[in-house]
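In: turn this into a model:
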Amino acid sequence: MAENEEVKAAAPAVRGNRKSRVGKVISDVQNKTIVVEIMSRTAHKRYKKVVKTRVRYAAHDEKNEAKTGDIVRIGETRPLSKRKHWRLIEIISRGE
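Out: Residues are numbered from 1 along each chain as shown. Coordinates of the predicted model:
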């Protein structure tokens, strides 16, 4: 039993598979918060017409480095506030 405890203590903490998304920053007005919009196109189940959908996520931006128009990658994290469950991972490209 002592061996098993040592192995568990030596192993790094494993986190679950966290989702990541790529989207466009549509708002950076709030302090340390950005709003990221992710557009997707899916076929309607019955009518097969291609429908555009959008989802907006509030993401934490610790250094206030993302600006409106930037393409960014956000990742899941623990709940930071009522609406913020995502964190800025990287800025892929800068907007105009």
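
In: who's the residue most central in space within the chain bridged to?
Out: In the chain, the centroid-proximal residue (Cα atoms, centre = their mean) is residue 74; its distance is 2.7 Å. Per DSSP bridges, the residues bridged to residue 74 are residue 21, residue 88.

In: quick one: residues in contact with the helix or strand containing residue 91.
Out: Per DSSP states H and E, residue 91 falls inside strand 84-93. Strand 84-93 has contacts (Cβ atoms under 8 Å, 6 or more residues apart in numbering) with 20-22, 33-34, 36, 57-62, 65-66, 70-80. Where you see a C-beta, it was placed from the backbone N, CA and C, and this is true even at glycine.

In: and those, which are buried?
Out: 21, 33-34, 36, 57-61, 66, 70-72, 74 (16 or more other Cβ atoms under 10 Å).

In: ok, those residues vs residue 49, which is closest?
Out: residue 21 (24.5 Å; Cβ to Cβ).

In: go ahead and confirm the closest one touches residue 40.
Out: No. Using Cβ atoms under 8 Å, residue 21 makes no contact with residue 40, being 10.0 Å away.
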